[in-house]
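Engineer: fold the following and give me the result.
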Amino acid sequence: VQLVESGGGLVQAGGSLRLSCAASEYTYSQHCMGWFRQVPGKEREGVAYISPGAATTAYVDAVKGRFTISRANVKNTLFLQMNSLKTEDTGVYYCAAGSMSWADTAYQYWGQGTQVTVS
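Structural biologist: Alright, predicted model coming up:
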């Protein structure tokens, strides 16, 4: 499974961005999908994940109520809608495919990352 993120950019605090992650194979629908982010000097942290059938979603406390993860399995695409962005949301955002977990080691496939900068 190859993953390609898009939608990052520069936005003012309080603004919104929508990240997308396009997967290369139909087996995408069989994987749990997650969004992670990393800032320089810090470990990569899980932001949200979603089960293969989208019945289960989970969010890190820092983004609850502001971010929404979703997936369109017919289009092999994962989304992260980010609203009310804060400066501390700045980082490189990665999508990943694997098993449902907050641990990045549970995910076998990773995108190249997309930069989100909140000023």
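Engineer: which parts of the chain are helices?
Structural biologist: For the chain, no helices are identified by DSSP state H.
Engineer: so who does the most centrally placed residue in the chain touch?
Structural biologist: Centroid-nearest residue in the chain: Trp35, 2.4 Å away (criterion: C-alpha atoms, centre = their mean). Trp35 is in contact with 19, 21, 46-49, 69, 78, 80, 93-96, counting by C-beta atoms under 8 Å, 6 or more residues apart in numbering. (C-beta placed from N, C-alpha, C; glycine too.)
Engineer: pull out the buried members of those residues.
Structural biologist: Among the contacts of Trp35, the ones that count as buried by 16 or more other C-beta atoms under 10 Å are 19, 21, 46-49, 69, 78, 80, 93-96.
Engineer: about what we covered before: the residue nearest to the centre of the chain bridge partners, please.
Structural biologist: On the basis of DSSP bridges, Trp35 takes part in beta bridges with Ala48, Cys95.
Engineer: quick check: the gap between it and Gly8.
Structural biologist: With distances taken as C-beta to C-beta, to the nearest Å, Trp35 is found 12 Å from Gly8.
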